[in-house]
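>>> Sequence and computational prediction follow.
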Amino acid sequence: MNKIRIALIGVGNCASSLMQGIYYYRNRTEKDVTGLMHWDIGGYKPGDIEIVAAIDIDKRKVGRDVSEAIFAPPNCTTVFQKDIPETGVKVVMGRLLDGVAPHMRDYPEDETFVVADAPESDVAGILKDSGAEIALNYLPVGSEEAARYYAECCLEAGVAFINCMPVFIVSDGEWAERFSAKGIPAVGDDIKAQVGATITHRTLARLFSDRGVRLERTYQLNTGGNTDFLNMLARDRLRSKKVSKTEAVQSVLSEPLSPRNIHIGPSDYIPWLRDNKVCFLRMEGRMFGDVPMELELRLSVEDSPNSAGCAIDAIRCCKLAIERNTGGPLTSISAYTMKHPPQQYPDITARKMVEEFIAGERER
């Protein structure tokens, strides 16, 4: 079986967890695997993924082998796989654009990005020359211009695009048409976690609806200490993130809440939490006889590993689309693994759609 050749756009905590996971699962069998939809998807196992290109802008990563760069500051996620051999793939300098928020210059180097003094690389050329089949966009929230630039590079290079961050590309009609016209698969936008704040909120909101409880008000507040949360202190970078997370919950309700009665979004940066994300959920509703009820939940998860399994499943489904000459947005795996897919479906429906796609019973 051939490898699945991927490129990383951004070598941060999420990329670190993904690469660690690829090597971690090479030493496992189906019997002791956790965190994945399936051990085998279309003949591809997690260890069949190979990183052939990596792009970043941080001086502590650019020029280093990607096996070393994933552990360089400001990365702070849990290290669960230390033994990663040198790959021969050097991290190259990307285009900065709006990838770093101005306020991040005011924080200590081990908490923030330090832009490398290096010439910008020909990204489309690197994607072509490396033989990459799929590129994963792991840029920081709010990198609107940069995300679109890298999507353009993928279109130019003929490389499939998995958009793991909340800039609306795959779910945007014009971009979707461009990927379809070129026959290039795309998955997005804004990756869900395995069991994170959004999927938990969606599940509880659906439970309320299914059990006849009228949800009247709800909030979701998140805190963390990684660069993602530091970056999101700039509230002007949060517009698409808040839309993505809010629509993910609203879409499972029989009747959407008014904007005044739903608040979802990152709350604050707490450095010592590092890559741990703590979510606080509150839901207020009325049950039988209009009797009020309240639910409060605290969820603590290591943020980056929580999404890596979903990324591995998305990568393998994207590879199947490439083999089947299916271009454009992949509706099923996007609905299952992304907060803001081209079309929203209940999670149980999305899971069934993915199973049908894997089996070849649906086109996308």
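Received the coordinates, thanks.
>>> Which parts of the chain are helices?
Ranges of helices in the chain, per DSSP state H, are 13-24, 66-69, 123-130, 144-157, 173-181, 197-210, 227-231, 239-250, 305-323, 331-337, 347-358.
>>> Which residue, other than its chain neighbours, is closest to residue 362?
Distances taken as C-beta to C-beta, 6 or more residues apart in numbering put residue 356 closest to residue 362, at 4.4 Å, once the chain neighbours are dropped. (Glycine included, C-beta is placed from N, CA and C.)
>>> Hmm, residue 350 and that neighbour touching each other?
No - Residue 356 lies out of contact with residue 350 (C-beta atoms under 8 Å); the separation is 10.7 Å.
>>> and for those two, which residues touch both?
Common neighbours of residue 356 and residue 350 (criterion: C-beta atoms under 8 Å, 6 or more residues apart in numbering): residue 332.
>>> Would you tell me which of the helices of the chain gets closest to residue 100?
Nearest to residue 100 among these is helix 227-231 (7.9 Å), distances taken as C-beta to C-beta.
>>> closest one to residue 57 among the helices of the chain?
Among those, helix 144-157 comes nearest to residue 57, with 9.2 Å by C-beta to C-beta.
>>> List the buried residues for that closest one?
144, 146, 147, 149, 150, 151, 153, 154, 155, 157 (16 or more other C-beta atoms under 10 Å).
>>> Serialize these to TSV and add fields for distance to residue 240.
Listed next are these as TSV, based on distance: C-beta to C-beta, whole Å:
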residue	distance to residue 240
144	7
146	13
147	10
149	16
150	16
151	14
153	20
154	19
155	20
157	25
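>>> I'd like the average pLDDT over stretch 231-242.
The average pLDDT for stretch 231-242 rounds to 90.
>>> Same question for stretch 161-169.
Per-residue pLDDT over stretch 161-169 has a mean of 97.
>>> And stretch 2-22, by the same measure?
pLDDT averaged over stretch 2-22 gives 97.
>>> I'd like the distance from stretch 188-206 to the chain centre, please.
11 Å (C-alpha atoms, centre = their mean, to the nearest Å).
>>> Just the buried positions in that stretch, please.
Going by neighbour count (16+ other C-beta under 10 Å), the buried part of stretch 188-206 is 188-194, 196-202, 204-206.
>>> ditto for stretch 346-360
Residues of stretch 346-360 classed as buried: 346, 347, 350, 353, 354, 357, 358 (neighbour count, 16+ other C-beta under 10 Å).
>>> again with stretch 169-180
169, 170, 171, 172, 175, 176, 178, 179.
>>> Run through the residues that contact the residue nearest to the second one when sequence neighbours are not counted.
The one in question is residue 170. Closest residue to residue 170 apart from its sequence neighbours, by C-beta to C-beta, 6+ apart: residue 188 at 3.2 Å. By C-beta under 8 Å, 6+ apart, the contact set of residue 188 is 137, 161-164, 168-171, 329, 334, 338, 340-341.
>>> try 10 Å
Going by C-beta atoms under 10 Å, 6 or more residues apart in numbering, residue 188 touches 137, 147, 151, 161-172, 175-176, 179, 314, 329-330, 334, 337-342.
>>> any idea how far it is from residue 106?
Distance, residue 188 to residue 106, using C-beta to C-beta, to the nearest Å: 31 Å.
>>> what's the answer for residue 87, then?
Noted for residue 87: a distance of 34 Å to residue 106, by C-beta to C-beta.
>>> Compare these two (neighbour count), which wins?
residue 87 (15 against 7; other C-beta atoms under 10 Å).
>>> how about the more buried one, what does it touch?
Applying C-beta under 10 Å, 6+ apart, the residues contacting residue 87 are 19, 50, 51, 52, 54, 65, 66, 67, 68.
>>> ok, of those residues, which come out buried?
With neighbours counted by 16+ other C-beta under 10 Å, the contacts of residue 87 contain buried members at 19, 50, 51, 52, 54, 65, 66, 67.
>>> Please name the residues that touch the fourth one.
In this case it means residue 52. With C-beta under 10 Å, 6+ apart, residue 52 has these contacts: 3-8, 66, 87-89, 126-127, 129-134.
>>> In terms of pLDDT, where does it sit?
We have a pLDDT of 98 for residue 52.
>>> that older thread, figure out which of the helices of the chain is closest to residue 37.
Residue 37 lies closest to helix 305-323 among the helices of the chain, at 4.5 Å (C-beta to C-beta).
>>> how about that closest one: buried residues?
If you call a residue buried by 16+ other C-beta under 10 Å, then helix 305-323 has these buried ones: 305-322.
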